[in-house]
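Asks: here is my input; please provide its structure:
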Amino acid sequence: MIKIAFYNLKGGVGKTTTAVNMAYMAAAAKKNVILWDLDPQAAASWFCQQEPETAKAIKLFSKGKSIGEMELYSPYPRLMLIPADLSLRSLDSEFDELSKDKKFLKQLLKPLSDKADILIFDCPPTLSPSVEQLLMEVDILLIPMIPSPLSIRAMEQVVEFLKGKKSAPERIVGFFNQVDMRRSLHREAIENSKKMPVPMLKTYIPNDAAVEQMGLRRAPLTSYNQRSRAALAYLDMWKEVARLLKAAAKEND
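Replies: I've put the predicted structure just below:
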């Protein structure tokens, strides 16, 4: 099972919308996928038509609980969701105790390898102890950014932080989201993407009103619209992500 995290220290960069669309397309490519929503805002759960139930999600991180006790909601064939809710606000307080057991997270994730080829985490936009531990367990870290100084700076902070960690993800890859090529700042960022401190996906997601419709339809954009600019970009991005998955699987073998 390959583990992917979509994460940036800064919010509002298209992390969840991309994670949901990549999860849907991976499932459409006949991969067994689990999308784990770890953000208390539960946006990924909302997009997958799952209503959050307060104080349920955090129980998975209570000592002695099994992931087998957590109901997996299946919005689409081959795609399962572990939903979030506001109880995840207390995730770090749980981790204060759980961090004493260095193998806890590995043991928690292990049963999922029998159910999924790909595990995708939609992480909250914080660099908390719980997120730090989670990032140490993933094979691929995908960092979305808007082509703006603050968004890029947040990525640089994450990369700098991970440099000092022995168990940092093998593959840390960035990509641009909400790109408006009419803006010179955005064009310059795209043109200079090779100068970024991490490898960048060639595909960027354009700023497109079609993405906003996901919130109304509560569905991945590519599940009902494959002709909009953003949908076409997501389809191209999946091809790049699939190659990263293949390389990671080959190394794990």
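
Asks: shouldn't Ser45 be within a strand?
Replies: No: per DSSP: H, G, I helix; E, B strand; the rest coil, Ser45 lies outside any strand segment and is helix.

Asks: and it, how far is that from Thr16?
Replies: If you measure Ser45 against Thr16 using CB to CB, to the nearest Å, the figure is 10 Å. Any C-beta I mention is one placed from the backbone N, CA and C, and that applies to glycine too.

Asks: ok, now Lys195?
Replies: 27 Å.

Asks: how about the strands in the stretch 51-200 of the chain?
Replies: Here the stretch 51-200 of the chain has its strands, by DSSP state E, counting those that start in this stretch, at 73-76, 79-82, 118-122, 140-145, 171-176.

Asks: what sits up against the last one?
Replies: Counting by CB atoms under 8 Å, 6 or more residues apart in numbering, strand 171-176 makes contact with 18, 139-147, 155, 159, 162, 186, 189-190, 193, 196, 198-201, 203-205, 237, 244, 247-248, all of which sit outside it.

Asks: could you check the angle that strand makes with strand 140-145?
Replies: Relative orientation of strand 171-176 versus strand 140-145 (axes from the mean of the first three to the mean of the last three CA atoms, to 10 degrees): 20 degrees.

Asks: where does the chain have low pLDDT?
Replies: 52-55, 62-71, 94-102 (pLDDT under 70).

Asks: that one: helices as residue ranges?
Replies: Per DSSP state H, the chain carries helices over the ranges 15-28, 43-47, 91-98, 104-109, 129-135, 149-163, 184-191, 209-217, 221-224, 229-252.

Asks: quick one: closest of those to Ala5.
Replies: Ala5 sits nearest to helix 129-135 of all these, at 6.0 Å, using CB to CB.

Asks: buried residues of the closest one, list them for me.
Replies: 130-135 (16 or more other CB atoms under 10 Å).

Asks: pull the contacting residues for Glu51.
Replies: Ser45.

Asks: quick check: it vs Leu86, distance?
Replies: Distance from Glu51 to Leu86, by CB to CB: 12 Å.

Asks: quick one: the closest residue in space to Phe6 that isn't next to it in sequence from Gln41, how far?
Replies: Nearest residue to Phe6, sequence neighbours excluded (CB to CB, 6 or more residues apart in numbering): Ala19, at 4.1 Å. According to CB to CB, Ala19 stands 13 Å off from Gln41.

Asks: which one of these two has more residues nearby?
Replies: Ala19 (28 against 19; other CB atoms under 10 Å).

Asks: that one and Lys106: what is the separation?
Replies: 22 Å.

Asks: over to Ser223?
Replies: 33 Å.

Asks: more neighbours, the two?
Replies: Ser223 (20 against 11).

Asks: for the more buried one, which non-adjacent residue is spatially closest?
Replies: Tyr24 (5.7 Å).

Asks: close enough to count as contact, the one you found and Asn225?
Replies: No: Tyr24 is beyond contact range of Asn225, at 11.9 Å (criterion: CB atoms under 8 Å).

Asks: just want to know which of those two has more residues nearby.
Replies: Neighbours per residue (other CB under 10 Å) separate Tyr24 from Asn225, with Tyr24 holding more: 25 against 18.

Asks: tell me the contacts of that one?
Replies: So, once contact is read as CB under 8 Å, 6+ apart, Tyr24 ends up touching 76, 79, 220, 222-223.

Asks: again, but for Ser128
Replies: With CB under 8 Å, 6+ apart, Ser128 has these contacts: 91-92.

Asks: now do it against Val241, distance only.
Replies: Distance of Ser128 to Val241, given as CB to CB: 26 Å.
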